[in-house]
Each structure stands twice: as structure tokens, then as C-alpha cells.
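**Student:** no FASTA, just this:
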């Protein structure tokens with residue numbers, strides 16, 4: 001059970017595409033069939049072309065491996081893997097945990113003594129969860145369980161101000177009218193979208209694997225999005241905790257590449273320093289696959305501050321961002337094309353072709369210092385994690401090569417993984433069952449590798465998608481922008497009544513709504529729910545504390561974020577490490593080995 005049934009096919013295909021990418025970007029002098037290893041040096045012509053097209057960017061030179069040292073960490077964790085999925089609130093996935101209805105999907109029965117969570121119920125009775133949030137909710141609809149047969153749903157409105165309005169000054173009672181998507185006149189097709197769906201939730205019969213990971217490792221019921229808003233800000237916050245210092249720019253295909261422009265709704269009004277806040281979805285400037293493979297002329301985003309990659313590079317710690325579809329499939333006169341796609345299926349039926357690579361989900365491509373605009377492959381597989389022409393930006397298949405040691409590759413100290421879009425959980429282009437295939441396949445591979453005894457795996461999400469969550473977000477940083485994000489709509493009182501305490505920029509109000517956050521590691525307590533307040537930027541803080549001596553990023557939420565390894569946290573280095581991994585079935589989410597509790601094995605009775 002080393003990987004899900006689709007993963008190996010996907011990986012083999014991507015490896016071929018990386019070789020193709022090497023041919024594409026090197027042009028003359030790169031033979032047909034060249035591999036990443038044979039494309040060892042970027043041509044000077046290409047380097048000059050990229051520098052002209054992307055102001056501020058230079059193809060990095062290869063840094064000697066002799067400078068790198070993995071041995072120095074503050075904790076026993078030598079490898080961190082962050083699986084960064086899309087668009088789920090905590091209550092949408094865990095609102096009735098640990099009770100599952102068992103009327104469809106994979107059976108789930110919780111272990112005796114499983115802790116409850118701060119969810120949708122006041123009490124769990126033998127017949128199920130009860131409480132006013134389920135039967136007399138202050139919103140226009142009560143939450144209802146979504147069966148596993150309706151796993152594919154529409155996506156909601158998850159922009160900054162609509163999410164503030166849904167929270168309604170800490171009353172959490174206005175989601176239906178503010179974040180629920182309107183039903184198309186011709187219906188939702190394959191997507192499940194009844195009135196009031198924004199309130200609804202899955203249980204352990206659909207998100208079975210995540211519930212089983214919670215049963216055997218640790219999860220938080222007090223983890224929040226760093227700020228209100230959609231995917232791009234969420235992605236930026238998981239690598240820097242700072243969405244300020246940005247601006248919209250003309251794309252590299254224009255006559256004025258990199259020139260500042262406006263993009264209301266994605267980038268706020270620029271301040272005296274010439275920068276604003278990226279608080280909406282926008283494709284990154286430093287990416288030839290942005291704007292639908294450079295077929296459009298939309299503004300693109302630039303960030304000028306530091307990110308965790310910059311800090312890791314300075315300290316010579318290996319790292320990488322691995323994303324589905326990053327390897328190019330072809331090229332045209334404007335550059336490389338990221339054309340890999342997969343069929344999204346629901347209930348065994350094909351729904352649509354979904355492009356694997358989503359540029360605005362890749363935060364490092366917003367920064368000149370950590371971008372790989374032409375999607376150059378590593379000069380050899382043994383350079384994965386080290387600084388070379390790939391600049392730490394890789395296809396997801398490179399992660400498997402690193403785990404397996406293919407071509408001398410090794411697992412970086414810090415790895416971020418973004419699944420291909422059809423498996424990233426984003427409503428509309430993915431669902432929890434497709435997500436489960438990727439998450440379980442990846443975690444199984446890690447648990448069965450030589451790296452498992454010193455690894456921590458985080459599974460968390462970039463934003464809530466506007467799904468209902470009952471927890472009131474603690475606002476630690478306010479915003480009082482009468483033209484929030486350049487939209488012409490003001491921040492609500494939940495944000496404007498709180499001063500700015502993190503940096504100086506507007507449009508970074510947070511924390512936003514609550515998100516799932518799990519840690520799978522030998523160094524967690526078994527079947528543990530942490531109530532410690534954390535947020536997406538807590539990932540950045542752990543990396544800084546574990547590898548960088550507590551160094552912080554200016555203007556980041558890192559300094560005010562809770563610790564995942566502090567007292568009561570998700571990691572616990574006082575427990576006896578449980579090195580025997582719990583292996584799951586990627587299709588059902590049920591336990592295959594490592595835990596003999598019958599309920600986790602997908603059985604209703606012993």
C-alpha cells in the first residue's frame with residue numbers, strides 16, 4: 001500500500017514530463033529525450049532572456065552541497081512535510097467528530113476514550129450528536145450531513161470581506177447570505193448544491209482517512225487561517241506569514257513586464273512605499289504558466305519581502321515546494337506550457353478535465369528570490385532540495401524520487417506538497433475522496449521510508465472556502481480599510497475595531513476562520529486533540545524554531561503564532577516515539593496495518 005492506485009501512474013508520467021521540460025527550456029543543444037540530469041546547465045541565452053522577461057530574477061547558480069548540514073535541529077524532527085490542501089473549514093470535515101452516521105461510505109467507529117472536539121454538538125449521545133447548533137442554528141439553515149455519494153460540491157465565496165460578513169461581528173450567523181454560492185440557472189450538474197449547503201458537513205464515512213489519522217496521531221480543533229480570504233493569501237501565509245509588500249504587475253508577455261498596475265480585489269491600494277497587500281487570488285508574476293499559460297493579459301502578483309525559503313537558503317538547509325503539474329508538457333513562442341490534466345470523477349462518472357497546475361497556489365513564484373519562472377528541472381535528481389537552476393521549485397514526482405533515493409536524491413529537510421488540482425480537495429475541481437487518494441498515498445510512502453522515524457507530516461488547508469464554522473476567530477490583527485482590497489467595500493467591525501499589531505499594512509485581518517490541522521509523526525500523542533491556539537503561520541514558526549534558531553521574518557505573523565510543539569501542542573517530544581506507522585487504504589481510508597481497532601478498519605462490529 002505504498003501509494004494510491006493513481007499516484008504511481010501520475011508519477012511516471014510526470015517524470016517523463018520533467019525530461020520534456022528540460023528539452024523545452026534549453027532549446028538548441030538539448031537533445032530529444034534528454035533527462036533532468038543531462039540538462040545540467042542553463043544556457044546563458046536562456047538565463048539572459050529570463051532576466052529580461054522577469055525583472056529582478058536571476059537563474060541561481062548551483063550551491064555546493066558541502067555547505068549544507070541537516071544535523072542541527074532543536075527537536076528530533078529532521079524532516080518536515082507539509083501537505084497543503086484546499087478550501088475546507090474545521091466543522092465541514094470534523095464538526096461531528098468522532099461520531100459518524102454509518103449510513104453510507106466507509107464504516108467508522110471511534111476508539112473508546114476518543115476525545116470530543118469543539119464542533120457542532122453539545123453532547124454525543126448513543127444515537128448521535130445533539131445541540132442547538134445542529135437543530136436551532138442562528139444561520140438561515142441548520143447544518144446537515146453530506147453523504148459520501150455527494151462528495152463533489154460547488155465552491156463557495158471565500159473572499160476577504162464576504163468571510164468577514166459571514167462571521168457577522170463574532171455571531172457566526174450570516175454564512176448563507178454572504179459566502180454560499182448562487183445556484184446556476186441551469187443547475188449544478190454533477191456538483192451537489194442544495195440551498196444552505198454552505199452550512200453542511202462531512203463525517204468519518206467520507207473523510208475517513210483524516211478521521212483515522214486523528215485517531216492514531218494528533219489534530220487541532222483550535223487552528224485558524226492566518227487571515228480572512230482565499231487561496232493566494234493562504235498559500236503565502238504558510239511560507240511567510242506576510243502578504244504585505246506586494247503589488248500587481250503587467251505580465252512578462254506585455255510591452256512593460258513587471259510595471260506596476262492595479263488589480264482591485266486581489267491587491268490593496270498601494271501605500272507610500274509603493275506596495276500593498278495581496279488579499280485575493282492572483283497568479284504570480286514569476287511564472288511562465290500563469291494566466292492560463294500566458295494566453296491572457298491579466299495583472300500578476302509580486303511580493304518583495306522574505307519567505308521561509310530565503311531563510312533556509314541563508315542557513316543552507318535543504319527544502320522544496322513540490323506541486324502537481326509543475327513539469328511543463330510543451331512550449332510555444334511565449335514560453336513553457338503546463339498542460340498536464342486529469343479527469344475529475346464523481347460516483348464513477350467522468351465530470352471534467354482539470355488542469356493539474358494552479359499557479360496562484362504556488363506562493364514561492366511571487367518572489368524573485370525563490371521563483372523558477374521557466375519551470376526548469378533540477379540539474380540532477382541528487383540536487384533536489386539544494387540550490388540550483390530549479391530554485392527549489394519541483395514537480396510532485398520529484399518528491400517520490402527523493403523518498404526513494406532515485407538518482408541519488410534525498411528527502412529535503414523541509415518539503416511543501418501541493419497536490420494536482422483534481423486531488424487537492426478544492427470544491428468544484430476536487431472532492432474529499434479524490435483528496436484521500438493523494439493524501440493517503442503520500443503519507444503511506446513517507447511512513448514506509450527510511451525517513452519516517454525523524455519526520456513530522458502536517459496536513460492543513462489554505463482557506464475555509466467560506467464553509468460554515470462555529471468557532472469565533474480570535475482577531476489578533478485588525479484592518480480598517482474603507483476600500484478593502486481595492487474592492488470599494490469596507491472592512492467590517494470585526495476587523496476595523498481591532499488595531500494593526502502585525503506590521504503596518506491594512507487588509508491582513510486575522511485570524512480567519514478555523515481550518516483542519518493534523519500532525520502525523522512518531523512524536524505525537526495517540527488519539528490526541530490539541531486546544532492550543534495556532535494558525536497557518538505556525539508552520540513557518542516551527543521551521544524557524546527547529547532549523548533557524550528562532551529567526552523571524554519581518555512583518556510576519558510568525559512571532560505572534562502559537563507553537564505546534566509547545567505545551568499541549570500537536571508534537572510531544574516527551575512521549576515514547578511510536579515508530580510503527582499506521583497504514584491506510586487510499587480508496588476507503590480504512591486502516592490496513594498498525595492499528596487493530598475494528599472501527600478504524602472499516603468495521604461496525606469486531
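**Tutor:** Perfect, I can see it now. Just so you know, these numbers come straight off a predicted model, no measurement behind them.
**Student:** who's in contact with the closest residue to residue 53 other than its chain neighbours?
**Tutor:** With C-beta to C-beta, 6 or more residues apart in numbering as the criterion, residue 53 has its nearest non-adjacent residue at 4.2 Å, and that residue is residue 252. C-beta: built from backbone N, CA, C; applies to glycine. If you count contacts by C-beta atoms under 8 Å, 6 or more residues apart in numbering, residue 252 has them with 53, 54, 258, 285, 288, 294, 373.
**Student:** which of these lies closest to residue 489?
**Tutor:** Proximity of those to residue 489 was ranked by C-beta to C-beta; the top entry is residue 285 with 25.8 Å.
**Student:** Isn't that closest one up against residue 251?
**Tutor:** Yes - contact criterion C-beta atoms under 8 Å: residue 285 and residue 251 qualify, at 7.1 Å.
**Student:** Tell me the pLDDT of the residue most central in space within the chain.
**Tutor:** When C-alpha atoms, centre = their mean is applied to the chain, the residue found nearest the centroid is residue 84 (2.5 Å). Turning to residue 84, the model gives it a pLDDT of 98.
**Student:** Kindly confirm my reading that it is in a helix.
**Tutor:** No - under DSSP: H, G, I helix; E, B strand; the rest coil, residue 84 sits outside any helix and is assigned strand.
**Student:** re the thing from before, tell me, what's touching residue 285 and residue 251 both at once?
**Tutor:** residue 300.
**Student:** what's the burial count for residue 493?
**Tutor:** Residues lying near residue 493 (other C-beta atoms under 10 Å) number 13.
**Student:** So it is in contact with residue 170, correct?
**Tutor:** No - Residue 493 is not in contact with residue 170 according to C-beta under 8 Å; the separation is 9.4 Å.
**Student:** Helices - which of the contacts of residue 252 land there?
**Tutor:** 53, 294 (DSSP state H).
**Student:** where does residue 552 fall, helix, sheet strand or coil?
**Tutor:** Applying three-state DSSP: residue 552 is coil.
**Student:** so what's it up against?
**Tutor:** Per C-beta under 8 Å, 6+ apart, neighbours of residue 552: 544, 558, 559.
**Student:** count of residues packed around the last one?
**Tutor:** It stands for residue 559. Neighbours of residue 559 using other C-beta under 10 Å come to 16.
**Student:** Kindly provide the distance from it to residue 197.
**Tutor:** 38 Å (C-beta to C-beta, to the nearest Å).
**Student:** one step back: going by secondary structure, the residue nearest to residue 53 is in what exactly?
**Tutor:** Counting by DSSP states H and E, no helix or strand carries residue 252.
**Student:** For the stretch 201-350 of the chain, which segments count as helices?
**Tutor:** 208-216, 231-239, 290-294, 308-314 (DSSP state H, counting those that start in this stretch).
**Student:** Show me what the second one packs onto, helices and strands only.
**Tutor:** Read it as helix 231-239. Under the contact criterion of 3 or more C-beta pairs under 8 Å, 6 or more residues apart in numbering; DSSP states H and E, helix 231-239 touches strand 79-85, helix 538-547.
**Student:** can you give me the angle the last one makes with strand 79-85?
**Tutor:** Going by axes from the mean of the first three to the mean of the last three C-alpha atoms, to 10 degrees, helix 538-547 is angled at 170 degrees with respect to strand 79-85.
**Student:** Following the chain onward from helix 538-547, which element is next?
**Tutor:** As assigned by DSSP H and E, the chain's next helix or strand after helix 538-547 is strand 583-584.
**Student:** Neighbouring strands of that next one in the sheet, and parallel or not?
**Tutor:** The sheet places strand 583-584 alongside strand 591-593 (antiparallel), with pairing taken from DSSP bridges.
**Student:** Check the offset of the strand it pairs with from the chain's centre.
**Tutor:** Its chain's average C-alpha position is 26 Å from that of strand 591-593, according to C-alpha atoms, centre = their mean, to the nearest Å.
**Student:** same deal with stretch 389-407?
**Tutor:** Centroid separation between stretch 389-407 and its chain, computed with C-alpha atoms, centre = their mean, is 18 Å.
**Student:** Does residue 466 touch residue 160 like I think?
**Tutor:** No - in this structure residue 466 lies outside contact range of residue 160 using C-beta under 8 Å: 10.9 Å.
**Student:** my guess is residue 318 meets residue 402, correct?
**Tutor:** No - look at residue 318 against residue 402 with C-beta under 8 Å: they stay out of range, at 9.5 Å.
**Student:** CSV for the contacts of residue 552, including distance to residue 128 and pLDDT?
**Tutor:** CSV is the format used below for the contacts of residue 552 (distance: C-beta to C-beta, whole Å; pLDDT from 0 to 100):
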residue, distance to residue 128, pLDDT
544, 43, 98
558, 40, 98
559, 42, 97
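**Student:** between those residues, which is nearest residue 281?
**Tutor:** Nearest to residue 281 among the contacts of residue 552 is residue 558, at 23.1 Å by C-beta to C-beta.
**Student:** That closest one and residue 544, how far apart?
**Tutor:** Computed as C-beta to C-beta, the residue 558 to residue 544 distance reads 6 Å.
**Student:** likewise residue 163?
**Tutor:** From residue 163 to residue 544 the distance is 28 Å (C-beta to C-beta).
**Student:** Could you pull out the helices in the stretch 51-200 of the chain for me?
**Tutor:** Along the stretch 51-200 of the chain, counting by DSSP H, counting those that start in this stretch, helices occupy 90-94, 132-135, 160-167, 175-178.
**Student:** And those helices: which comes nearest residue 605?
**Tutor:** Closest to residue 605 of these is helix 90-94 (C-beta to C-beta; 24.4 Å).
**Student:** could you say what helices and strands that closest one packs with?
**Tutor:** Contacting helix 90-94 under the criterion 3+ C-beta pairs under 8 Å, 6+ apart are the following elements: helix 208-216.
**Student:** still on that earlier bit, shared neighbours, residue 318 and residue 402?
**Tutor:** 385, 410, 412.
**Student:** Check what pLDDT the first one gets.
**Tutor:** I take that to be residue 385. 98.
**Student:** swap in the second one?
**Tutor:** At residue 410, the pLDDT value in this model is 97.
**Student:** nearest residue to it other than its sequence neighbours?
**Tutor:** Residue 410's closest residue in space is residue 402 (C-beta to C-beta, 6+ apart), at 6.1 Å.
**Student:** Repeat that for residue 345.
**Tutor:** residue 351 (6.2 Å).
**Student:** looking at this, the one you found is in a helix?
**Tutor:** No - counting by three-state DSSP, residue 351 is not part of a helix but strand.
**Student:** got the contact list for it?
**Tutor:** Under the criterion of C-beta under 8 Å, 6+ apart, the contact list for residue 351 reads 152, 189, 190, 343, 344, 345.
**Student:** next one: residue 595
**Tutor:** By C-beta under 8 Å, 6+ apart, the neighbours of residue 595 are 212, 215, 216, 582, 601.
**Student:** Confirm that it sits in a helix.
**Tutor:** No - Residue 595 is assigned coil when assessed by three-state DSSP, not a helix.
**Student:** looking at it, residue 358 is touching residue 423, isn't it?
**Tutor:** No - counting by C-beta under 8 Å, residue 358 sits too far from residue 423 to count as a contact (11.8 Å).
**Student:** Now do the phi/psi pair for residue 289.
**Tutor:** phi -90, psi 0 (degrees, to the nearest 10).
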